[in-house]
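>>> compute the structure for the input listed below.
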Amino acid sequence: MEFDESVDITDKVCPLTFVTAKVAIEELDEGQVLAVRMNDGEPVQNVPRSFKEDGHRILKLLDNEDGTYTLFVRKVE
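The predicted model follows:
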């Protein structure tokens, strides 16, 4: 899947996981896509939900089959 920017939050713990991802998406223009690499567990449950609550569009959640996932989210103003 194509994306404009990416951020790796596998070395972060909540609540820094979403804070780091939120800062990254705020730097994008409307319509651009952010790829967020995160660990399984709490980040996979909370980060997509938080993006949706902020009004962004979740495009895909990809299992990297190494204990991490990549979330693709489109920025919506």
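>>> contacts only, for the residue nearest the centre of the chain.
In the chain, the centroid-proximal residue (C-alpha atoms, centre = their mean) is Val36; its distance is 3.7 Å. Contact analysis of Val36 by C-beta atoms under 8 Å, 6 or more residues apart in numbering lists 6-7, 9, 21, 24, 47, 70-73. Where C-beta positions appear, they are placed from N, C-alpha and C, glycine not excepted.
>>> PyMOL command for the buried members of these?
A single PyMOL command selects the buried members of these (16 or more other C-beta atoms under 10 Å):
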select buried, resi 7+9+21+24+47+70+71+72+73
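>>> just checking, which of the contacts of Val36 belong to helices?
21, 24, 47 (DSSP state H).
>>> what bridges to the nearest residue to the second one once chain neighbours are set aside?
Just to be clear, that refers to Ala24. Excluding its sequence neighbours, the residue lying closest to Ala24 (C-beta to C-beta, 6 or more residues apart in numbering) is Val7, at 4.1 Å. Val7 has these beta-bridge partners by DSSP bridges: Val36.
>>> touching, Val7 and Arg37? I think so.
Yes: between Val7 and Arg37 there is a contact under C-beta atoms under 8 Å: 7.3 Å.
>>> could you check how far Trp38 is from Glu77?
Careful, residue 38 is Met and not Trp. Taking C-beta to C-beta, to the nearest Å as the measure, Met38 and Glu77 are separated by 24 Å.
>>> repeat that for Thr10.
From Thr10 to Glu77 the distance is 28 Å (C-beta to C-beta).
>>> quote the end-to-end distance of stretch 56-75.
Using C-alpha to C-alpha, to the nearest Å, one end of stretch 56-75 lies 5 Å from the other.
>>> in that stretch, what counts as buried?
56, 68-75.
>>> give me the residues contacting it.
Counting by C-beta under 8 Å, 6+ apart, 1, 3, 10, 25, 28-40, 43-44, 47-48, 51-52, 76 sit against stretch 56-75.
>>> go on, stretch 43-52?
Residues contacting stretch 43-52 (C-beta under 8 Å, 6+ apart): 9, 12, 14, 17-18, 21-22, 25, 36, 38, 58, 61, 69, 71, 73.
>>> show me those residues that map onto strands.
36, 38, 58, 61, 69, 71, 73 (DSSP state E).
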